[in-house]
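> model the structure of this input:
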Amino acid sequence: MGARDRRQRRRRAVVVGGAAYAAGKHRAAKEAAESAQAEPPPAQPEQAAPSAPAGSTGLSPEGLDQIKQLAQLRDQGVLTNEEFASEKAKLLGS
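Numbering: from 1, shown residues only. Okay, the predicted model is just below:
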């Protein structure tokens, strides 16, 4: 098995693993939303919504972890710079 085959398999494992993780988080969020609809939240006084910190990307902590994981794979030589940039763009929604 060549280095290219190993790199492709590792990349596929990262992408598939990330998708499975995201699907599990989506399912948990959906279940939480359904249970929240069943029980009305307690009344709270109105508060102004906190503003996002300067430079915030709106990226979830899981998405940030995935980008860090991809960067590690790039640094190890598993992913090329182009592959890293492509996957990062997908996570950022660009």
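> which parts of the protein are strands?
Ranges of strands within the chain: none, based on DSSP state E.
> show me where it has helices.
3-38, 61-75, 81-92 (DSSP state H).
> lowest average confidence, helix or strand, in the protein?
One helix or strand of the chain scores below all others by mean pLDDT, DSSP states H and E: helix 3-38, with a mean of 72.
> skipping adjacent residues, who's closest to residue 69 in space?
residue 14 (6.6 Å; C-beta to C-beta, 6 or more residues apart in numbering). Quick note: C-beta positions are derived from backbone N, CA and C, even for glycine.
> ok, now which ones touch that neighbour?
Neighbouring residues of residue 14 by C-beta atoms under 8 Å, 6 or more residues apart in numbering: 69, 70, 73.
> burial of the first one, as a residue count?
Read that as residue 69. Using other C-beta atoms under 10 Å, residue 69 is surrounded by 14 other residues.
> go on, the one 10 residues further on?
Close neighbours of residue 79, defined as other C-beta under 10 Å, add up to 21.
> just residue 30 next, same as before
Look at residue 30: counted by other C-beta under 10 Å, it has 10 neighbours.
> now do the one 4 residues further on
Applying other C-beta under 10 Å, we find 9 residues neighbouring residue 34.
> how near is it to residue 62?
Relative to residue 62, residue 34 is positioned 21 Å away (C-beta to C-beta, to the nearest Å).
> try residue 80
In this view, residue 80 and residue 62 are 24 Å apart by C-beta to C-beta.
> check residue 5 too.
Distance of residue 5 to residue 62, given as C-beta to C-beta: 28 Å.
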